[in-house]
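# Quick one, structure for this:
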Amino acid sequence: MKRFGLLLIAAALGLGACTPNNVKDAKEWQQHFAKHKLEGCFMLFDNGQGTFRVYNIDRAKERMVPAGIFEPFLTLTGLQTGAIRDSVVTVAGEPFNQAFRNASLPAFQEVARTIGKDTLQRWMDSVGFGNRKISRVDTFWLDNSLQISPDEVLGFTKQLYFSQLPYQKRAQELTAGLMIMEKTPKYIFAWKAGEARTGAKRIGWVTGWIEENLHPSFFVLNFETEDPSADMKALGQELTRNILSSEGFYKGER
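Modelled structure (predicted):
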């Protein structure tokens, strides 16, 4: 099977040929992180213009535990292998489309066990997902064995949107459709979030796209805090929406 690298951001981050104009440092986005005393990064790729805006480019190249943002990969592989028949099949007691939206850990653990460690390894190697390491088959995306960088996540997200991953088109279209959380006359907003712990640190993720006038822009947010009381889901949504709003999204004018 053809090997796919997650190359969308590689060139722009100095991992390949690029020009300085490919990436613009969005220092003004720092205010959104500072408001909550967070460390993090945000990347935004305008597909029509072919331009990147990035805050904290060093962190964007750092691999970390993926947690919930690994769920689209599990969904793709489950659909491809038959571990998931369709988006409404019942998994761990609930319809899979509902489990996906709710980020139901028992459902995704059941999917991972059904697929099996060897098959998961083959597909991770084929896609080139992060460092491709598996420990226990139903926890490896949570326990720091599997790690991936924000730039690699953004590449994966773009390839999913355009059905460019090495899966059947049906599997990619169904998975991309599950990521759509808002659909209005002005925009389509699709995302997947994740949260994990690394020692005292809590790591948060949001990745997806916002589409206006058939024009998609892809984003990834990664942030961390040691505050045990922080609402990671709310923080992820606030940061993502505030940054995208500051760039003129949600108006249907892009």
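# buried residues in the lengthiest helix in the chain?
For the chain, the helix that runs over the most residues, judged by DSSP state H, is helix 232-246. For helix 232-246, the neighbour count (16 or more other C-beta atoms under 10 Å) marks 232, 235-237, 239-241, 243-244 as buried. Quick note: C-beta positions are derived from backbone N, CA and C, even for glycine.
# For those, give me JSON lines that also has pLDDT and distance to E110.
Formatted as JSON lines, the buried residues of helix 232-246 follow (pLDDT from 0 to 100; distance: C-beta to C-beta, whole Å):
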{"residue": "M232", "pLDDT": "97", "distance to E110": "24"}
{"residue": "L235", "pLDDT": "98", "distance to E110": "29"}
{"residue": "G236", "pLDDT": "98", "distance to E110": "25"}
{"residue": "Q237", "pLDDT": "97", "distance to E110": "27"}
{"residue": "L239", "pLDDT": "98", "distance to E110": "31"}
{"residue": "T240", "pLDDT": "98", "distance to E110": "29"}
{"residue": "R241", "pLDDT": "98", "distance to E110": "32"}
{"residue": "I243", "pLDDT": "98", "distance to E110": "35"}
{"residue": "L244", "pLDDT": "98", "distance to E110": "34"}
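# Which single one of the residues you listed is nearest to F218?
L244 (11.3 Å; C-beta to C-beta).
# Would you agree the closest one is in contact with E212?
No. When contacts are counted by C-beta atoms under 8 Å, L244 is not listed as touching E212 (10.6 Å).
# Check the gap between the spatially most central residue of the chain and F70 for me.
The residue lying closest to the centre of the chain (C-alpha atoms, centre = their mean) is T207, at 3.7 Å. Separation of T207 from F70 (C-beta to C-beta, to the nearest Å) stands at 11 Å.
# do K169 as well
If you measure K169 against F70 using C-beta to C-beta, the figure is 21 Å.
# got it, and G130?
Applying C-beta to C-beta, the value for G130 to F70 is 9 Å.
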